[in-house]
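> Build me a structure from this.
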Amino acid sequence: MDSIQAIRGTKDILPEEIVYWQYLEKTAADILTKAAYREIRTPIFEQTNLFERGIGEATDVVGKEMYTFTDRGDRSLTLRPEGTAGVVRSYIQNKLFASGGVERLWYTGAMFRYERPQAGRQRQFHQIGLELLGSKSPRADVEVIAIATDILKALGLKNLSLQLNSVGNQEDRQKYRQALVDYLTPYKADLDPDSQDRLTRNPLRILDSKDQKTQEITENAPSILDHLGEDSRYHFEQVCGLLTELGIDYQLNARLVRGLDYYTHTAFEIQSADLGAQATVCGGGRYDGLISQLGGNETPAIGWAMGMERLILLLQNLNPLTPQCPDIYFVSRGEKAENQALIMAQKLRHNDFNVELDLSGSNFGKQFKRGDRSGAKICLILGDEEVENKTVQIKHLVTGEQKTVSQDELINVLKK
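Presented below is the predicted three-dimensional model:
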C-alpha cells in the first residue's frame, strides 16, 4: 500500500525548523505588544462573499486562487486567502469600534491560495499581520511602516528596501484608470494574455505584470502620482516627510499597486535583495473604504502582512539557530528505577528544569549514547542500587565528571 504524502503546496514544519518560527513569532509579538497592538484570532474559513466583496471579484486571488467549497448546509465557504477581510468582519460583528477610538490589532496564522508552489511560496502559507483601524492620519501610515521596519531589523535582516506609492482615493483611481486604459489600448495585442484580460476588468494590475514585454510597454505608462487630487497628494507628502524624520529610507515606486482592490492612498512593500524573484517580505497599505464596503461605518484603516515562509528562508541563511536541548538527560535501568525516574523527572520539570527521560528500556550504554546526542549538559543515572540507597548519579556530559548525591538534595545541587 502506498504511503500517504502531504498535499502539494503544503509543508511539514519539522522540529529542527520550529526554532526559527518561534523566534520570529516571539520577536514580532514583543514589538507589537510594546506598540499597544492586541492579538486577534479569526476563523480559518469564512463565507465566500466576504472575500468577493472585500478583496474584489476582479482580482486573481478571488478569480483563480481561492479554496472554496460548499458545506453540508449548502453554504459557500472559503479558506481564508489573506487576513484583513476576516479581521474587518470581526471588527464590525463584535463592535470593536464601540470605544470610538483607534483599534490596533495583530494576527498570525495559516492562509490558503492555489498558486504554483516555489521557494517561499506554498498553497498553505503563514502570515503575521497588523491592522490599525479608526485613524485617517498620515501618522498611522508611518506608525505601521515603522513597526514593520522594527520587526525586520530586530530579526537581523539585511538588504531590505521600502517601496512606496500612493494609489489615491476612489476618484483619483478612476481618473488614473481611464488614463492607463487609454495608454495601453493601442498595445493590447502585445500584452500578455492575463494583462489583455485585465485591461477591461482591473487595468492597474497590469503594472504588476511579470511578463517582460508587458513591463517594457508599461515603462512609459502614465504615473498615478501625476493623477492624485490635492488631498491625496497632501496625505502622501506627509507620509514621506514623517518617514524621513524617522530615518526610514524609501524608494518611490509608481508601479506599486498591490494585488487587492481595497487599497487606497498609501501602498507599500518591503523587499529583500536576498530572495530573488519572490522578493517581498512585507506588503500593505491603507484601505479606507473596506469597512463600509463590508457593512460597517465609514472607517479609515491601514495594515500590512508579512510572509513567514520567506522570512524563515532569510533567517536560515543569515542566522543559523540551534534547536533547544534539554538541560538534563535521565537514564534508568530496572523496573523500580524506571518508575522512580519518571516521578523524579516530573518533579524536576516542575522546578523549571528541561528534562528528557529515556523511555527505551535499553542497556545503559545505548542510553548514554542517546544522552550524548541530546545536547544535554547533565545526565542523571538511576539504577536499582541507587533506588535502594535513595541516591542518584550526576554525570557532566562535557567533562565526564560524575558524582553521587542523595535524591533529597538533587534539586538544590542542580540549581547550584
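
> Can you tell me the element the residue most central in space within the chain falls in?
Nearest residue to the geometric centre of the chain (Cα atoms, centre = their mean): Gln127, 2.5 Å. Using DSSP states H and E, Gln127 sits within strand 124-133.

> What strands line up against that strand, and which way round?
strand 103-112 (antiparallel), strand 301-307 (antiparallel) (DSSP bridges).

> Enumerate the positions of the longest one that are buried.
By 16 or more other Cβ atoms under 10 Å, the buried positions in strand 103-112 come out as 103-109, 111-112. Bear in mind the C-beta positions are built from the backbone N, C-alpha and C, glycine included.

> Distance to Val387 for the residues you listed - can I get that in a markdown table?
A markdown table is the format used below for the buried residues of strand 103-112 (distance: Cβ to Cβ, whole Å):
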| residue | distance to Val387 |
| --- | --- |
| Glu103 | 59 |
| Arg104 | 57 |
| Leu105 | 55 |
| Trp106 | 51 |
| Tyr107 | 51 |
| Thr108 | 47 |
| Gly109 | 48 |
| Met111 | 53 |
| Phe112 | 54 |
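
> Just give me the closest of these to Arg75.
Phe112 (17.5 Å; Cβ to Cβ).

> Who is the nearest residue to Val413 once chain neighbours are set aside paired with across the strands?
Excluding its sequence neighbours, the residue lying closest to Val413 (Cβ to Cβ, 6 or more residues apart in numbering) is Val405, at 5.1 Å. Bridge pairing for Val405 (DSSP bridges) gives the partners Val392.

> returning to what we had before: please pull up the helix or strand immediately following the strand holding Gln127.
helix 138-154.

> who's in contact with the residue nearest to the centre of the chain?
82-83, 107-109, 111, 305-308 (Cβ atoms under 8 Å, 6 or more residues apart in numbering).

> any idea how far the residue nearest to Val413 is from Lys395?
Val405 sits 12 Å away from Lys395, taking Cβ to Cβ, to the nearest Å as the criterion.

> same thing with Ala148?
In terms of Cβ to Cβ, Ala148 sits 48 Å off from Lys395.

> When those two are compared, which one has more neighbours?
Ala148 (27 against 17; other Cβ atoms under 10 Å).

> Quick check: the more buried one touching Ile302?
No: the criterion here is Cβ atoms under 8 Å, and Ala148 misses it with Ile302 at 11.3 Å.

> which residues do those two both contact?
By Cβ under 8 Å, 6+ apart, the residues touching both Ala148 and Ile302 are Gly284.

> any idea of the mean pLDDT for the strand holding Gln127?
When pLDDT is averaged over strand 124-133, the result is 97.

> Stretch 172-182 now?
What stretch 172-182 shows for mean pLDDT is 87.

> What residues sit buried inside it?
Residues of stretch 172-182 classed as buried by neighbour count (16+ other Cβ under 10 Å): 172-173, 175-176, 179-180.
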